[in-house]
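Enquirer: starting from these lines, generate the structure:
(one chain, ligands or ions: 1)
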Amino acid sequence: MDQIVSLSRRRGFVFPSSEIYGGLGSTYDYGHYGVLLKNNIRQRWFEAMVLERDDIVALDSAVILHPRVWEASGHVEGFTDPLVDCRTCKLRFRADKLEDSQCGRKPSKHPGEFSECDLTEPRQFNLMFQTTVGPVEDSGSRAYLRPETAQGIFINFKNVLQLARRRPPFGIAQIGRSFRNEITPGNFLFRVREFEQMEMEFFVPPPDSDRWYRYWIDERLGWYLRYGLRRSRLRVREHGPEERSHYSRGTSDIEYEYPIGWSELEGVANRGDFDLTRHTEYSTTKLEYVGPDGERYVPHVIEPAVSLERIIVAMLVDAYDEEVVGERERTVLRLHPEIAPVTAAILPLIAKDEGMVSKARTLYEELRKRQSVEYDDNGAIGRRYRRQDEIGTPWAFTIDEQTLSDDTVTVRDRDSLAQERLPIGGVRAWLEDALERDWKTPKGD
Ligand code: GAP
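Expert: Numbers count the residues shown, from 1 in each chain. Below you'll find the predicted structure:
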């Protein structure tokens, strides 16, 4: 994890937030490559979940919803973790995760293991961030920053049913920020207090819910394989009844083997009719499906839910490689070409050669209309290749002496390091073709 954190910082993917003020624990800002990486992951999810399907529509609901939403959903009452305080060191820990936490004293031990540790009894701590709406701060103006995007979908069920003219099975997908006042955030982006969720609620006839639950587990696992994660680093773990959330009739985690061990990447839950029934009760608006022949029922809901942050960590960890090439070490991110922040680099071999620069700029201007490409003429060519390897750029096109006489360029492959020559006029088609090809990580299964 340290290598990933240091690479992310060095190359401007992710930096600790509010650093000039001493930082705000476990909060991060994204730099240029981080933004491009996030955009790509978000777009690949949206394609698979909405654009490539006829049965799912998109939604973008507000972050601050009516406070009754969170009473109906069970979050006001039950979205809590058990918290213990240490009276000696004044730190706070999750009572159910003491073995994963570190006491503030040295040498590092778990809370409760020093004789001076003085832990309080556990008490329930609600993870929702509270705020007030309007100028008067009283209990009537209390609202919450959403801890999940899902509820914004449930409360719009009727709108979508009517306006998008859908009938079950159909889904509503949403991407947006969620906020949780985690007691023990950490492990880089894995557990943060502000994250971007990608959730889809799939409404089905009740007798079909188990079939769709299994379908979505397979579908989501397939998405991770499609975008290059190794099969051996992924597994599906079904929750036991004691582990499930209050709304769940069945939950499976798609887990990834992070440097901290096997941990939840994405959850797929069968939420039954819990949410629509509760919102019907609390809002008095009937949330049900009425068919053309008058049959009516409350659909059951299957929900795949993940954060961009957990995907980013899994993809960076999976892609990270160090190797020695010709007695020199290189660090390389073997990201899927459709995930990599930059698809291709355009490099004039000699930055001062006007002919090379002119041809390189023309190629760059042509490619940038469709792809995320980068022009780089800064430093020795070897150093430029290394820089692109570190940000995961799959291909680099080099304009050299020979280009000036025969209008060909070399293309260098990030993974195999193979180089081939092709006509400069064919680069755009070559790149589009390369992006269409199936890609498999050279790191194996
Ligand atoms: N709507 C259901 C729901 O929110 P969850 O298991 O609490 O379920 C879903 O969260 C996903 O959101 C998780 O699988 C994980 O990918 C992500 N997630 C949850 N808490 C997170 C946090 N503090 N930091 C980063 N990602 C988080």
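Enquirer: now do the helices in the stretch 251-400 of the chain.
Expert: Along the stretch 251-400 of the chain, counting by DSSP state H, counting those that start in this stretch, helices occupy 274-283, 308-319, 354-367, 381-391.
Enquirer: in TSV, list these along with mean neighbour count.
Expert: C-beta here means a position set from N, CA and C on the backbone, and glycine is covered the same way. Below are the helices of the stretch 251-400 of the chain laid out as TSV (neighbours: other Cβ atoms under 10 Å):
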stretch	mean neighbour count
helix 274-283	18
helix 308-319	23
helix 354-367	17
helix 381-391	18
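Enquirer: would CSV of those with mean pLDDT be doable?
Expert: Shown next, in CSV, are the helices of the stretch 251-400 of the chain (pLDDT from 0 to 100):
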stretch, mean pLDDT
helix 274-283, 97
helix 308-319, 98
helix 354-367, 97
helix 381-391, 96
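Enquirer: make JSON lines from the ones you listed and add distance to residue 430 to it.
Expert: Listed next are the helices of the stretch 251-400 of the chain as JSON lines, based on distance: least, Cβ to Cβ, whole Å:
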{"stretch": "helix 274-283", "distance to residue 430": "49"}
{"stretch": "helix 308-319", "distance to residue 430": "23"}
{"stretch": "helix 354-367", "distance to residue 430": "11"}
{"stretch": "helix 381-391", "distance to residue 430": "17"}
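Enquirer: looking at those, which is closest to residue 328?
Expert: Across the helices of the stretch 251-400 of the chain, residue 328 has its closest neighbour in helix 381-391 (7.8 Å, Cβ to Cβ).
Enquirer: for residue 122, give me phi and psi.
Expert: Note on residue 122: its backbone torsions stand at phi -60, psi 140 [degrees, to the nearest 10].
Enquirer: what about it, distance to residue 95?
Expert: As judged by Cβ to Cβ, to the nearest Å, residue 122 and residue 95 stand 4 Å apart.
Enquirer: of those two, who's got more company?
Expert: residue 95 (20 against 15; other Cβ atoms under 10 Å).
Enquirer: distance check, the spatially most central residue of the chain against residue 58.
Expert: Centroid check for the chain by Cα atoms, centre = their mean gives residue 308 as the closest residue, at 1.3 Å. As judged by Cβ to Cβ, residue 308 and residue 58 stand 16 Å apart.
Enquirer: need the pLDDT of the residue lying closest to the residue nearest to the centre of the chain once chain neighbours are set aside.
Expert: Excluding its sequence neighbours, the residue lying closest to residue 308 (Cβ to Cβ, 6 or more residues apart in numbering) is residue 196, at 4.3 Å. pLDDT recorded at residue 196 is 98.
Enquirer: who are the contact partners of residue 196?
Expert: 38, 42, 175-178, 307-309 (Cβ atoms under 8 Å, 6 or more residues apart in numbering).
Enquirer: out of those residues, who's nearest the ligand?
Expert: Nearest to the ligand, judged by Cβ to the nearest ligand atom, of these is residue 307 at 3.4 Å.
Enquirer: okay, now that closest one: neighbour count?
Expert: Residue 307 is flanked by 21 other residues according to other Cβ under 10 Å.
Enquirer: now swap in residue 245 and tell me
Expert: 14.
Enquirer: my read is that it contacts residue 269, right?
Expert: Yes. Look at residue 245 against residue 269 with Cβ atoms under 8 Å: they come within range, at 7.1 Å.
Enquirer: okay, and the common contacts of the two?
Expert: With Cβ under 8 Å, 6+ apart, residue 245 and residue 269 have common neighbours residue 251.
Enquirer: how long is stretch 166-186 from one end to the other?
Expert: End-to-end distance of stretch 166-186: 41 Å, with Cα to Cα, to the nearest Å as the criterion.
Enquirer: list the buried residues of it.
Expert: Residues of stretch 166-186 classed as buried by neighbour count (16 or more other Cβ atoms under 10 Å): 166, 168-176, 178-185.
Enquirer: for stretch 225-233, same thing?
Expert: Buried residues in stretch 225-233, defined by neighbour count with 16+ other Cβ under 10 Å: 227-230, 233.
Enquirer: and stretch 58-65, by the same measure?
Expert: Neighbour-count burial for stretch 58-65 flags 58-59, 61, 65 (criterion: 16+ other Cβ under 10 Å).
Enquirer: of these, closest to the ligand?
Expert: The nearest one, if we look at those relative to the ligand and count by Cβ to the nearest ligand atom, is residue 61, at 12.9 Å.
Enquirer: picking up where we left off before, for the residue nearest to residue 308, phi and psi?
Expert: phi -110, psi 120.
Enquirer: show me the beta-bridge partners of it.
Expert: Taking DSSP bridges, one obtains residue 177 as the residues bridged to residue 196.
Enquirer: any idea how far it is from residue 41?
Expert: Following Cβ to Cβ, the distance that separates residue 196 from residue 41 is 10 Å.
Enquirer: which residues do the two both contact?
Expert: Joint contacts of residue 196 and residue 41 (Cβ under 8 Å, 6+ apart) are residue 308.
Enquirer: what residues does the stretch 51-200 of the chain have near the ligand?
Expert: Remark: the part of the stretch 51-200 of the chain in contact with the ligand comprises 148, 150, 180, 182, 191-192, 195, 197, 199, using Cβ under 6 Å from any ligand atom.
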